[in-house]
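Next one to model:
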Amino acid sequence: MSQPWDYIAKLVCIGDSGTGKSSLTIRLCEGRFSPTHDVTIGVEFGSRIVPVGPPASRTSGIDLDSQPVSPSASTFADATSSGSRNGDAIKGQAPSGLPDVPRKSQGPLVQKRMKLSLWDTAGQETYKSITRSYFRGASGALLVFDITRPSTFASATQWLQDLRQIAEDGIVVILVGNKSDLAAGRLDEGDIPDENQRRVTRQEAEEWCRSNNVVRYVETSARSGEGVERAFLEVAERIYRNIDSGKYDLNDRRSGVKGFGATGGSNAGMPRTITLGLNDAMGGGGKGWRSNCC
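Below you'll find the model as predicted:
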């Protein structure tokens, strides 16, 4: 039986309440959108396995070396369509344009897979003392704001400061402008026509990224799914590049990244017990979605 994943990485979704963090995570883990969602109390969990590195990375179109810019609307959804959600191993190959990751050994190229352990944190001020504790041990973060609410964009600076004070140095952070469907003025059947509701421009967000040393800005729509997989793949691929370059100690729980299998002894080939939270983010196969109250 082949291993279901090669690495597991802890990601946190942070940002003000009502920006769509939970909807983004549900969209990634379950492939659906719920128009109503209870306010997150404490932390909710999800998981998803995604392909990282070549051959998937060859056609994803993510340029990891460029300045923070907003990528096109295309995602790598086609590449993962042959795989299943809720933590099952992905059998398809994601598309790409990335340079190959240097291979450390000869032999057939095997697609690497990373299990994303997603921690969706509460955005309300009341729960900040709780949610901040979950920043520890995260290897990646999606800082989410609502492009129709400038106040959520203004709050991004404080969220980033809190994250960098608590998380390990080198955490991969991207800025996510959610609810892009409202910016385009797209309407569902029965909706009353309205003007473009965008209040934060793409240029403002990209400039913020440059000023705050955030690697990328991505716009998403949890409603349509546009850009969602792209945002999470962006973080996963950057984490994988850090793994490949030796920036993480995979035996140190503080790094937020672990490899599958023990290094030796009688447990060789068995999943390693890792400290990423909630029983390794719901086990080897993942259960999709759970919540944890304070």
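
Could you list the buried residues of stretch 206-219?
Buried positions in stretch 206-219, judged by neighbour count with 16 or more other Cβ atoms under 10 Å: 206, 208-209, 212, 214-219. To be clear about C-beta, it is placed using only N, CA and C from the backbone, and glycine gets the same treatment.

got these as JSON lines, with distance to residue 9, secondary structure and pLDDT columns?
Shown next, in JSON lines, are the buried residues of stretch 206-219 (distance: Cβ to Cβ, whole Å; DSSP: H, G, I helix; E, B strand; the rest coil; pLDDT from 0 to 100):
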{"residue": "206", "distance to residue 9": "25", "secondary structure": "helix", "pLDDT": "98"}
{"residue": "208", "distance to residue 9": "25", "secondary structure": "helix", "pLDDT": "98"}
{"residue": "209", "distance to residue 9": "21", "secondary structure": "helix", "pLDDT": "98"}
{"residue": "212", "distance to residue 9": "22", "secondary structure": "coil", "pLDDT": "98"}
{"residue": "214", "distance to residue 9": "18", "secondary structure": "coil", "pLDDT": "97"}
{"residue": "215", "distance to residue 9": "15", "secondary structure": "coil", "pLDDT": "94"}
{"residue": "216", "distance to residue 9": "17", "secondary structure": "strand", "pLDDT": "95"}
{"residue": "217", "distance to residue 9": "21", "secondary structure": "strand", "pLDDT": "97"}
{"residue": "218", "distance to residue 9": "18", "secondary structure": "strand", "pLDDT": "97"}
{"residue": "219", "distance to residue 9": "23", "secondary structure": "strand", "pLDDT": "97"}
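
of all these, which two lie farthest apart?
Set against one another by Cβ to Cβ, these have their most distant pair in 212 and 219, with a gap of 17.4 Å.

model confidence over stretch 220-229, on average?
With pLDDT averaged residue by residue, stretch 220-229 scores 94.

Do I have it right that residue 217 meets residue 209?
Yes. Between residue 217 and residue 209 there is a contact at 4.9 Å, judged by Cβ atoms under 8 Å.

Can you get me a residue count around residue 47?
Residue 47: 29 surrounding residues under other Cβ atoms under 10 Å.

Could you pull up phi and psi at it?
Here the main-chain torsion angles of residue 47 (degrees, to the nearest 10) amount to phi -150, psi 150.

What's the biggest helix in the protein, counting residues?
Secondary structure assigned by DSSP state H gives helix 228-244 as the longest helix of the chain.

next SSE after that one?
Following the chain from helix 228-244 toward its C-terminal end, the next helix or strand by DSSP states H and E is strand 257-259.

Give me the sheet partners of that next one and which way each runs.
Strands that pair with strand 257-259, judged by DSSP bridges, come out as strand 7-14 (antiparallel).

Look up the residues forming beta bridges with residue 216.
On DSSP bridges, the residues paired with residue 216 through beta bridges are residue 174.

ok, now how distant is it from residue 115?
22 Å (Cβ to Cβ, to the nearest Å).

Share the number of residues neighbouring the nearest residue to residue 143 once chain neighbours are set aside, please.
When the adjacent residues along the chain are set aside, residue 143 lies closest to residue 175, with 5.2 Å between them (Cβ to Cβ, 6 or more residues apart in numbering). Residue 175 has 27 neighbouring residues, counting by other Cβ under 10 Å.

wouldn't residue 175 be in contact with residue 220 here?
No. Because the distance of 10.8 Å does not satisfy Cβ under 8 Å, residue 175 is recorded as not touching residue 220.

Can you show me the helices along the stretch 1-150 of the chain?
21-30, 77-80, 128-131, 150-154 (DSSP state H, counting those that start in this stretch).

pLDDT on the second one, on average?
I take that to be helix 77-80. Taken as a whole, helix 77-80 has a mean pLDDT of 42.

Kindly report the same for the longest one.
Average pLDDT, helix 21-30: 90.

counting contacts, what elements does it pack onto?
Identification of packing neighbours for helix 21-30 by 3 or more Cβ pairs under 8 Å, 6 or more residues apart in numbering; DSSP states H and E yields strand 7-14, strand 43-52, strand 112-121, strand 140-146, strand 172-178, helix 228-244, strand 289-292.

So for residue 254, which of these sits nearest?
Comparing the helices and strands packed on helix 21-30 by their distance to residue 254 (Cβ to Cβ), the top pick is strand 7-14, with 10.4 Å.

All set, thanks.
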